[in-house]
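1. here are the coordinates; sequence isn't available:
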């Protein structure tokens with residue numbers, strides 16, 4: 001219809017166009033506004049993601065995806081696919097997460113965009129870690145490492161090093177794991193990425209606990225908790241408190257373990273972390289029994305039974 005109308009107007013419009021434009025037309029502001037709106041939606045999504053409000057996070061990432069798709073912003077589309085994948089990974093839906101990461105990866109390959117390739121390969125490796133496929137995870141991480149260059153984003157590298165450290169920890173190569181985690185900490189400390197610093201110290205606490213270096217493990221978990229509280233990262237706070245509870249159990253300090261677990265449960269319940277709540281309730285039941293708190297142990301068992309896997 002537009003082409004027909006332009007033809008009817010004929011030579012008059014043609015003359016106006018030629019007379020008024022000696023160079024290429026200015027790009028409409030709406031294109032930039034749309035990209036900016038997508039970025040704003042993505043930031044809201046990231047905020048809700050950090051708070052553990054995965055439903056709201058996904059809603060905003062979906063909005064960001066639509067805005068990016070509306071102007072064929074393929075870099076933004078790929079980044080949003082990665083963000084959506086992170087939400088599904090956090091909720092335990094590994095299949096959907098991998099599908100989203102794979103979509104991002106395919107766009108990155110088409111664009112030959114090193115940063116997107118590094119990000120997407122890192123996320124695919126993390127998903128493989130969640131599946132327990134360490135060989136595939138390391139293959140993705142190796143590919144991500146190959147995409148490094150002088151212009152690589154430092155935050156992306158820190159996440160990659162953290163995930164590699166986690167993989168080596170699973171392989172019980174603790175020295176290599178420790179080095180990669182220290183590399184991640186150095187970057188995150190420099191760029192003041194507190195949420196990632198918390199994750200780094202949480203993983204160090206896990207390694208130290210496995211090696212029965214319990215005082216050191218507790219110190220690292222307390223550091224993780226400190227960072228997570230500074231940025232009000234509820235998901236991280238719940239995990240840190242649970243870690244401190246597990247370390248206290250290994251130390252034979254059941255009273256403190258009980259307190260840490262109850263605090264973890266309160267946080268998990270407040271933001272609806274069902275899977276985390278189930279795990280903590282199981283530990284609370286065991287600790288309560290060992291403390292001779294039979295009625296409380298029974299109550300925790302009842303709560304655990306109410307949180308059936310179907311509610312996840």
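-> Perfect, thanks for sending it. Quick caveat, the model's predicted, so the values are computed rather than measured. Numbering: from 1, shown residues only.
2. residue contacts, residue 244?
-> 218, 221, 222, 225, 256, 260 (CB atoms under 8 Å, 6 or more residues apart in numbering). Glycine gets a C-beta too; all of them are placed from N, C-alpha and C.
3. So residue 195, which state does it fall into?
-> What DSSP: H, G, I helix; E, B strand; the rest coil gives for residue 195 is helix.
4. how far away is it from residue 219?
-> From residue 195 across to residue 219, the span is 19 Å (CB to CB, to the nearest Å).
5. Name the member of the contacts of residue 244 with the most neighbours.
-> With neighbours defined as other CB atoms under 10 Å, the most crowded of those is residue 221; it has 28 neighbours.
6. From what I see, it and residue 239 are in contact.
-> No. Residue 221 is not in contact with residue 239 according to CB atoms under 8 Å; the separation is 9.3 Å.
7. hmm, back to that, mind checking which of the contacts of residue 244 are in helices?
-> 218, 221, 222, 225, 256, 260 (DSSP state H).
8. Which residue is the nearest non-sequential neighbour of the first one?
-> Computed as CB to CB, 6 or more residues apart in numbering, the closest residue to residue 218 that is not its neighbour in sequence is residue 247, at 5.1 Å.
9. can you check the third one too?
-> On the basis of CB to CB, 6+ apart, the spatially nearest residue to residue 222 that is not a chain neighbour turns out to be residue 244, at 7.0 Å.
10. tell me which element the residue most central in space within the chain is part of?
-> By CA atoms, centre = their mean, the chain has its centre lying nearest to residue 86, at 4.9 Å. Following DSSP states H and E, one finds residue 86 within helix 74-90.
11. helices or strands next to that helix in the packing?
-> helix 29-51, helix 54-70, helix 94-111, helix 114-131 (3 or more CB pairs under 8 Å, 6 or more residues apart in numbering; DSSP states H and E).
12. Residue 188: neighbour count?
-> Neighbours around residue 188, by other CB under 10 Å: 26.
13. And for residue 212?
-> By the measure other CB under 10 Å, the count of residues near residue 212 is 9.
14. Which residue is the nearest non-sequential neighbour of it?
-> Residue 212 sits nearest to residue 250 (CB to CB, 6+ apart), 7.5 Å away.
15. Got the phi and psi for residue 212?
-> phi 60, psi 30 (degrees, to the nearest 10).
16. Could you check how far it is from residue 247?
-> 10 Å.
17. do residue 67 as well
-> Taking CB to CB, one finds residue 67 at 44 Å from residue 247.
18. between the two, which one's more packed in?
-> residue 247 (26 against 23).
19. what about the helix or strand containing that one, average pLDDT?
-> Residue 247 belongs to helix 234-250 when assigned by DSSP H and E. What helix 234-250 shows for mean pLDDT is 97.
20. now that helix, how far from the chain's geometric center?
-> For helix 234-250, the separation from the chain centroid amounts to 19 Å (computed by CA atoms, centre = their mean, to the nearest Å).
21. what residues are shared contacts of residue 221 and residue 239?
-> With CB under 8 Å, 6+ apart as the test, residue 221 and residue 239 both reach residue 202.
22. Which parts of the stretch 151-300 of the chain are helices?
-> For the stretch 151-300 of the chain, helices defined by DSSP state H, counting those that start in this stretch occupy the ranges 154-170, 174-191, 194-210, 214-230, 234-250, 254-271, 274-290, 294-306.
23. Redo those as TSV? Include distance to residue 95.
-> Below are the helices of the stretch 151-300 of the chain laid out as TSV (distance: least, CB to CB, whole Å):
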stretch	distance to residue 95
helix 154-170	19
helix 174-191	27
helix 194-210	24
helix 214-230	29
helix 234-250	21
helix 254-271	24
helix 274-290	16
helix 294-306	26
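24. Please consider this matter closed, and thank you.
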